[in-house]
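Asker: Structural data only, the sequence is not supplied:
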DNA sequence: CAGTGGTCTAGACCACTGA
DNA sequence: CAGTGGTCTAGACCACTGA
C-alpha cells in the first residue's frame, strides 16, 4: 500500500504522509474508505506506532484523514483543495486558476516611508523603502493592481532585478534568503478611482477587492507590505476555514 | 512556570498547551523569549519528552512558539490573534470586534432547492430546504444581510426555533448535535441592488463584500449554504495565511 | 468482548548551532 | 565541544465503539 525507505534522508513519518497524500489524491483511496488500523500498518511497515501517528496527525490536521476513536481512521469526504489556504504569489495563484501570469511595471523606485507604511513594516518613519507598482495580467488581460513596499535595508541592490519578468518572491528567496511564512490580510470592497480604473481597463467606480497584506519571515519580522486591487468582475478569493480545536478550553472537569 | 496534574482527566499535553497559552497571552512570556529546553522542562514536570513535544507541536502550529533546531524554542513575534482564522458565527465575530450583535428576521420558510443551491448542499434538486434571511445588526446598526439554506431533512422541527433571538450555530450544536468544522468560502466585491441597500440602510449601488460559504460537519457533509452581504463601509475581513509545510515535497534526494 | 484510536514512558541516536 | 531540537523505538495502559 505504502512503501518507505528507512535509509532515506526524508523522515519516515514524512514518507508516510507523502504516501497517503498520493493514494488519496490519485483516487486509490476514496472518501469514506477506512485505512488499516495503526497496529496493522506498523507491523507491515516495520515501524513504531508513534512514528506512524506522527504522519497521521499531520494528515488529519491537513484535512485528509479523520480519526474516529473506537472505530478506524477514514479518508475525509472533503476533496483536496490545493493551497486553498497558505499563500501564493500572484503567479502561483493564476497558475492554480489555469491562467498565465505576467506583469507590467508602473513604478519602481526608492522612497521615504510615510508613517502609516513605516508602522506596517515596523521600521522608523521616513526610512527608505522600495516601492514597486505593477499591473498584474492574467492571460494578457489586467487582473490586479499591486503596490509593494519593501524595507530597503533588507534588500540591498534590489534595483538590479527587473520585476516585469522576475517573480518578486522567488527573488527574495533565492537572492536574499528571505522566506515569508506568515501573512496578515485584510479584505475590503471598494470602488476604483479614475487612475486605477484606467490601469485595469475598466470604467471608473467599478467595484474591486482591496487586499492589504503584511508578510513576515519565520522570525516574525515584516518583510513586505502590499496592497492589491483585484477587478471584481474577474477575481474572487477562495479560502477554507477550519474550526480550531487546539483551544478546546473545555476545562479539566469534562467527562 | 507551568503546573500539571497527572491525575486530571485532561491529557498532560493539553495541560501544557494551556499553560503556555496563558503565559503568553498574559504577557508573562514575551515575543522573542526562549522557553526552557525540552529536557529541562521534562525533568521539572516529571514527564516524558514525547509528551512535552506533543504540546509544543500544537503551540508551534498555532503560531505561538517557534522552534529553532540547534538553538531553543522561542515565543513567536506574531501576537495572538484569536480566531483570526477558524470560523465564527456573526455573534462571535462581532464580539471579537467589541460590538454587540442582534438580528432581524426578514424571511424564514421552507422552500424547494433550486439546482444551484441543491448542488452546494449535495442534495437532490428540488429537495426541501429551510431558507432563513436575516439582517445582522452590530450595535443596533445594519451590518450585513445573511441568507442561509439548510437541508430540511437534517433539522426536523427547526421552525420551533426563533432565530431573531437564538444563535443558529448554537442551535445546530445543542439541539441537533451538528458540529460544523470546516467551511469553504468565496469572497467577492459587488454593488448592492435597491432592495439589499434598503435593508442595509445605505444607498443603491453601494459597495459590499459578498461571502458565500459552504459549511461541513466532521464527515464532510454539507450542513449549510449561506451567502452574506457585508457593508463595505463598515466591515472588512481579517485573516492570517501561513505557508503550508506539510507538503514540502522537496523529495527524498534533498541534502 | 475483541479491536480501535488516545495517551504516555524512558530511553536512543541524529543534525544543527554557537562558543 | 556541550547543548539544542528532530526522529524513532518498543513497549504500556486507557477510553471508546460495535457485536
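Answerer: All right, it came through fine. Just so it is clear, the structure is predicted and the values come from calculations on it, not from any experiment.
Asker: And the contacts of stretch A:95-111?
Answerer: A:82-83, A:88, A:90-91, A:93-94, A:128-140, A:145, A:152, A:159, A:162-165, A:199 (C-beta atoms under 8 Å, 6 or more residues apart in numbering or on different chains). Heads up, the C-betas are built off the backbone N, CA and C, glycines and all.
Asker: could you redo the last one with a cut-off of 6 Å?
Answerer: A:90-91, A:94, A:128-129, A:131-139, A:164 (C-beta atoms under 6 Å, 6 or more residues apart in numbering or on different chains).
Asker: Over to stretch A:29-41?
Answerer: By C-beta under 6 Å, 6+ apart, stretch A:29-41 touches A:23, A:49, A:52, A:72-75, A:77.
Asker: Then stretch A:214-221?
Answerer: By C-beta under 6 Å, 6+ apart, the surrounding residues in contact with stretch A:214-221 are A:120, A:178-184, A:222-225, B:76-78.
Asker: 7 Å - rerun?
Answerer: Residues lying outside stretch A:214-221 but in contact with it, judged by C-beta atoms under 7 Å, 6 or more residues apart in numbering or on different chains, are A:120, A:178-184, A:222-225, B:31, B:66, B:76-78.
Asker: Any idea which residue is closest to the centre of chain A?
Answerer: Nearest to the geometric centre of chain A sits residue A:87, at 1.4 Å (C-alpha atoms, centre = their mean).
Asker: Can you classify that residue by secondary structure?
Answerer: coil (DSSP: H, G, I helix; E, B strand; the rest coil).
Asker: which of the contacts of stretch A:29-41 sit farthest apart?
Answerer: Using C-beta to C-beta, these span at most 26.2 Å, a distance reached by A:49 and A:77.
Asker: Between those two, which has more neighbouring residues?
Answerer: residue A:77 (18 against 12; other C-beta atoms under 10 Å in any protein chain shown).
Asker: what secondary structure does that one sit in?
Answerer: coil.
Asker: Would you mind naming what in the stretch 151-255 of chain A lies close to DNA strand C?
Answerer: For the stretch 151-255 of chain A, the contact set with DNA strand C under C-beta under 7 Å from any atom of the strand is empty.
Asker: just to revisit the earlier point, and DNA strand C, which of the contacts of stretch A:29-41 contact it?
Answerer: Within the contacts of stretch A:29-41, those near DNA strand C by C-beta under 7 Å from any atom of the strand are A:49, A:72-73.
Asker: can you list these in JSON lines and add secondary structure, distance to chain B and pLDDT?
Answerer: Output for these, formatted as JSON lines (DSSP: H, G, I helix; E, B strand; the rest coil; distance: C-beta to the nearest C-beta, whole Å; pLDDT from 0 to 100):
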{"residue": "A:49", "secondary structure": "helix", "distance to chain B": "12", "pLDDT": "97"}
{"residue": "A:72", "secondary structure": "coil", "distance to chain B": "13", "pLDDT": "95"}
{"residue": "A:73", "secondary structure": "strand", "distance to chain B": "13", "pLDDT": "95"}
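Asker: Which pLDDT value goes with residue A:182?
Answerer: At residue A:182, the model reports a pLDDT of 81.
Asker: which stretches of the stretch 51-200 of chain A form strands?
Answerer: A:65-67, A:73-75, A:101-112, A:128-138, A:141-151, A:180-191 (DSSP state E, counting those that start in this stretch).
Asker: ok, now which ones touch the closest residue to chain B within the stretch 51-200 of chain A?
Answerer: Evaluated by C-beta to the nearest C-beta, the stretch 51-200 of chain A has residue A:77 as its residue closest to chain B, separated by 2.4 Å. The contact partners of residue A:77, by C-beta under 7 Å, 6+ apart, come to A:31-32, B:219-221.
Asker: One more: residue A:202?
Answerer: Residues near residue A:202 by C-beta under 7 Å, 6+ apart: A:192, A:231.
Asker: Would you agree it falls within a helix?
Answerer: No. If the criterion is three-state DSSP, then residue A:202 is coil and not within a helix.
Asker: so how far is DNA strand C from residue A:128?
Answerer: Per C-beta to the nearest atom of the strand, to the nearest Å, residue A:128 is found 27 Å from DNA strand C.
Asker: neighbours around that residue, how many?
Answerer: 13.
Asker: Next: the one 4 residues further on.
Answerer: The local packing count at residue A:132 equals 21, with neighbours defined by other C-beta under 10 Å.
Asker: What about the residue nearest to it when sequence neighbours are not counted, how many residues nearby?
Answerer: Leaving aside its chain neighbours, residue A:132 sits nearest to residue A:148 (4.4 Å; criterion: C-beta to C-beta, 6 or more residues apart in numbering or on different chains). Residue A:148 has 20 neighbours, counted by other C-beta under 10 Å.
Asker: Would you pull up the residue in chain A closest to DNA strand D?
Answerer: In chain A, the residue that lies nearest DNA strand D is residue A:70 (2.5 Å; C-beta to the nearest atom of the strand).
Asker: thinking again about what came up before, list the contacts of the residue nearest to residue A:132.
Answerer: Listed by C-beta under 7 Å, 6+ apart, the contact set of residue A:148 reads A:132, A:168, A:224, A:226.
Asker: What residues are bridge-paired with the last one?
Answerer: If I follow you right, that is residue A:226. For residue A:226, the beta-bridge partners are residue A:148, residue A:213 (DSSP bridges).
Asker: and it, what is it in contact with?
Answerer: Counting by C-beta under 7 Å, 6+ apart, residue A:226 touches A:146-148, A:213.
Asker: And for the third one?
Answerer: Counting by C-beta under 7 Å, 6+ apart, residue A:224 touches A:148, A:150, A:180, A:215.
Asker: Looking at the residues you listed, which one is closest to residue A:239?
Answerer: Of all those, residue A:239 sits closest to residue A:215, with 16.7 Å by C-beta to C-beta.
Asker: Give me the phi and psi for that closest one.
Answerer: Dihedral pair for residue A:215: phi -110, psi 140, per degrees, to the nearest 10.
Asker: Now do the same for it: its pLDDT.
Answerer: 90.
Asker: Could you measure from it over to residue B:77?
Answerer: Per C-beta to C-beta, to the nearest Å, residue A:215 is found 13 Å from residue B:77.
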